[in-house]
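K.L.:
3D model of this:
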Amino acid sequence: MKCINFSYKAALAAALVMVVGCSSSPSGRKQLALLPESQMDQMGVESFSSMKEEILISSNSKQKKQVQCVADRIISVLPDEYRNQQWEVVLFDDEQVNAFALPGYKIGVYTGLLNTASNQSQLATVVGHEVGHVLAKHGNERVSTQLLASQALALGYQLSGEESAGKVLVFQALGVGAQVGIILPFSRYHESEADLLGLEYMSKAGFDPRESAALWRNMSAAGSSKTPELLSTHPSHSTRINDLESSMPPYLKTYEALVAQNKQAKCY
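P.N.:
Got it, this is the predicted structure:
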């Protein structure tokens, strides 16, 4: 019975490893993606439906129109396979300073964000960033990374001999090590990648990319995250601001070209 269990785990682990590098992000980075995108889309749609039942939807017509305008501008510059989908955009009446996008072409914005994102370009920073997560398939990648890590630990546990208190402690430590050393940094890389994708989308859509750094200064002033970067799934505010500003020149050039043609966004 133990041999059968080992063979199953070994075969599963080998199958997981073989799929590494099967897909690429928009930046060309190789990715681990174990779940079919159709399943990710279904999960996104179901999650969004549940949220609409559980969280109050804003009745502020002016804010809803502004949010829809910003989202529509971002969507209009996406690759064809995403631009031509029926995206659903909802403004939730909630104090959270946040927004999200889900597989299945769903975008949610919380009214609390509109107090921190003080203009259309700052809102576009967040919407572009969240849409970047979807296009880069970060949700699939995160789930796949966690699945692979858990299977690797399970296989190691199976192969490491008889049960003992020491063995349990060692594998608990390995689990923490995988979380801090692999899964969390990988998530931080996703955030940085989405930041740059968001810069691209917002500038092409006619929003001022300089406002991306201004948004994160607002976030920092509001104290939105005090978790040490080592133990956070997000880069620190200072890291984000520095990365955004150092990457700014080509995106600013794109935006200024649209301004010269009077094609910049006018959502507010």
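K.L.:
shaky segments in the stretch 51-200 of the chain?
P.N.:
Scanning the stretch 51-200 of the chain for pLDDT under 70 picks out the ranges 145-186, 188.
K.L.:
let's see it at 80
P.N.:
Along the stretch 51-200 of the chain, segments meeting pLDDT under 80 span 139, 142-189.
K.L.:
need the strands for it, in chain order.
P.N.:
Assigned by DSSP state E, counting those that start in this stretch, the strands in the stretch 51-200 of the chain fall at 88-92, 99-102, 106-110.
K.L.:
Quick check: which of those strands is nearest to Phe48?
P.N.:
Closest of those to Phe48 is strand 106-110, at 4.1 Å (criterion: C-beta to C-beta). The way it works is simple: take the backbone N, C-alpha and C, and place the C-beta from them, glycine included.
K.L.:
residues contacting Gly104?
P.N.:
Met40, Asp41, Gln42, Met43, Gly44, Val45, Phe48 (C-beta atoms under 8 Å, 6 or more residues apart in numbering).
K.L.:
What's the PyMOL line that selects buried ones from the residues you listed?
P.N.:
Here is the PyMOL command that selects the buried residues among the contacts of Gly104 (16 or more other C-beta atoms under 10 Å):
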select buried, resi 40+41+43+44+45+48
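K.L.:
just to revisit the earlier point, do you know which of the strands of the stretch 51-200 of the chain lies nearest Gly198?
P.N.:
Proximity to Gly198 (C-beta to C-beta) singles out strand 99-102 among the strands of the stretch 51-200 of the chain, at 10.5 Å.
K.L.:
I'd like to know how many residues surround Glu95.
P.N.:
Per other C-beta atoms under 10 Å, the neighbour tally for Glu95 reads 10.
K.L.:
the helices in the chain, which residues?
P.N.:
Along the chain, counting by DSSP state H, helices occupy 2-18, 37-54, 61-75, 80-83, 113-116, 120-135, 138-159, 165-178, 184-204, 210-222, 237-246, 248-260.
K.L.:
winner for burial among the ones you listed?
P.N.:
Of all the helices of the chain, helix 120-135 has the most neighbours on average by mean count of other C-beta atoms under 10 Å, namely a mean of 26.
K.L.:
so what does that one touch, helix or strand wise?
P.N.:
Other elements packing on helix 120-135 under the criterion 3 or more C-beta pairs under 8 Å, 6 or more residues apart in numbering; DSSP states H and E are helix 61-75, strand 99-102, strand 106-110, helix 113-116, helix 184-204, helix 210-222.
K.L.:
Could you export those as TSV, including distance to Ser144?
P.N.:
Formatted as TSV, those follow (distance: least, C-beta to C-beta, whole Å):
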stretch	distance to Ser144
helix 61-75	26
strand 99-102	17
strand 106-110	21
helix 113-116	29
helix 184-204	10
helix 210-222	29
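K.L.:
Out of these, which is closest to Gln31?
P.N.:
Closest to Gln31 of these is helix 184-204 (C-beta to C-beta; 10.2 Å).
K.L.:
Output that closest one as PDB, nothing but the C-alphas.
P.N.:
Coordinates of the C-alpha atoms in helix 184-204 are reproduced here as PDB (Å, rounded to 0.1, in the frame of the first residue of the first chain):
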ATOM      1  CA  LEU A 184       5.700  35.300  -1.000                       C
ATOM      2  CA  PRO A 185       8.600  36.600  -3.100                       C
ATOM      3  CA  PHE A 186       6.900  35.100  -6.200                       C
ATOM      4  CA  SER A 187       3.800  37.100  -5.300                       C
ATOM      5  CA  ARG A 188       5.900  40.200  -4.800                       C
ATOM      6  CA  TYR A 189       7.300  39.600  -8.300                       C
ATOM      7  CA  HIS A 190       3.700  39.400  -9.600                       C
ATOM      8  CA  GLU A 191       2.900  42.700  -8.000                       C
ATOM      9  CA  SER A 192       5.900  44.400  -9.700                       C
ATOM     10  CA  GLU A 193       5.100  42.800 -13.000                       C
ATOM     11  CA  ALA A 194       1.500  44.000 -12.800                       C
ATOM     12  CA  ASP A 195       2.800  47.500 -11.900                       C
ATOM     13  CA  LEU A 196       4.700  47.700 -15.200                       C
ATOM     14  CA  LEU A 197       1.800  46.300 -17.200                       C
ATOM     15  CA  GLY A 198      -0.500  48.800 -15.500                       C
ATOM     16  CA  LEU A 199       1.900  51.600 -16.600                       C
ATOM     17  CA  GLU A 200       1.700  50.400 -20.100                       C
ATOM     18  CA  TYR A 201      -2.100  50.100 -20.200                       C
ATOM     19  CA  MET A 202      -2.800  53.400 -18.500                       C
ATOM     20  CA  SER A 203      -0.400  55.400 -20.700                       C
ATOM     21  CA  LYS A 204      -1.700  53.900 -23.900                       C
END
